[in-house]
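In: model this:
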Amino acid sequence: MTYTVKTPRSIPLKEEELKRIFQKLDVNNDGRLSWEEIVTAFRSQGLHMKHVRAFLAVHHADSDGNGFIDADEMKEFVKYTSDKWGISFTDY
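Out: So this is what the prediction gives:
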């Protein structure tokens, strides 16, 4: 998986692509993403991510208020990171 700067040619991700990305980010396989997992994932791709930015992204996408992003909230997380930070996700 790579993270790239969004371009005008970005193609929306399909549901199965979102699920694959979610599974790759969920390193402890608990079915949810913490802000720590997000920071680790972005840093593993060479992108610097401040903890507060990851926390804000989780807070924004976390519709049930449990402090994590689950598979159903992933679409909103991807939209937020794209809109706010210009990052798009590509699943290889």
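
In: When you work out contacts or count neighbours from here on, use the C-alpha atoms and nothing else.
Out: Will do.

In: T81 touches M74, doesn't it?
Out: No: taking contacts as Cα atoms under 8 Å, T81 lies outside contact range of M74: 10.6 Å.

In: Same drill for the two, tell me which one is more crowded.
Out: More crowded of T81 and M74, by other Cα atoms under 10 Å: M74, with 21 against 17.

In: Show residues contacting the host helix or strand of that one.
Out: Per DSSP states H and E: M74 is located in helix 74-85. Helix 74-85 is contacted from outside by K6, L18, F22, A57, V58, H60, A61, I69, I87, S88, F89, using Cα atoms under 8 Å, 6 or more residues apart in numbering.

In: now stretch 33-45
Out: By Cα under 8 Å, 6+ apart, stretch 33-45 touches 2-3, 22, 25-27, 48-51, 54-55, 57-58, 67-70.

In: again, 7 Å this time
Out: 2, 25-27, 48-49, 51, 54-55, 58, 68-70 (Cα atoms under 7 Å, 6 or more residues apart in numbering).

In: Which of those residues ranks first by neighbour count?
Out: Neighbour max across those (other Cα under 10 Å) = I69, 28 neighbours.

In: In contact with it, which residues?
Out: Counting by Cα under 7 Å, 6+ apart, I69 has contacts R32, L33, S34, V58, A61, D62.

In: Let's see that with 6 Å instead.
Out: I69 sits next to R32, L33, D62 when contact means Cα atoms under 6 Å, 6 or more residues apart in numbering.

In: can you pull up the bridge partners for it?
Out: For I69, the beta-bridge partners are L33 (DSSP bridges).

In: any idea how far S88 is from it?
Out: 17 Å (Cα to Cα, to the nearest Å).

In: Tell me what angle the helix or strand that contains H60 forms with helix 74-85.
Out: Per DSSP H and E, H60 falls inside helix 51-61. Helix 51-61 and helix 74-85 are oriented at 130 degrees to each other (axes from the mean of the first three to the mean of the last three Cα atoms, to 10 degrees).

In: next one: helix 51-61 to chain centre, how far?
Out: With Cα atoms, centre = their mean, to the nearest Å as the basis, helix 51-61 stands 10 Å off its chain's centre.
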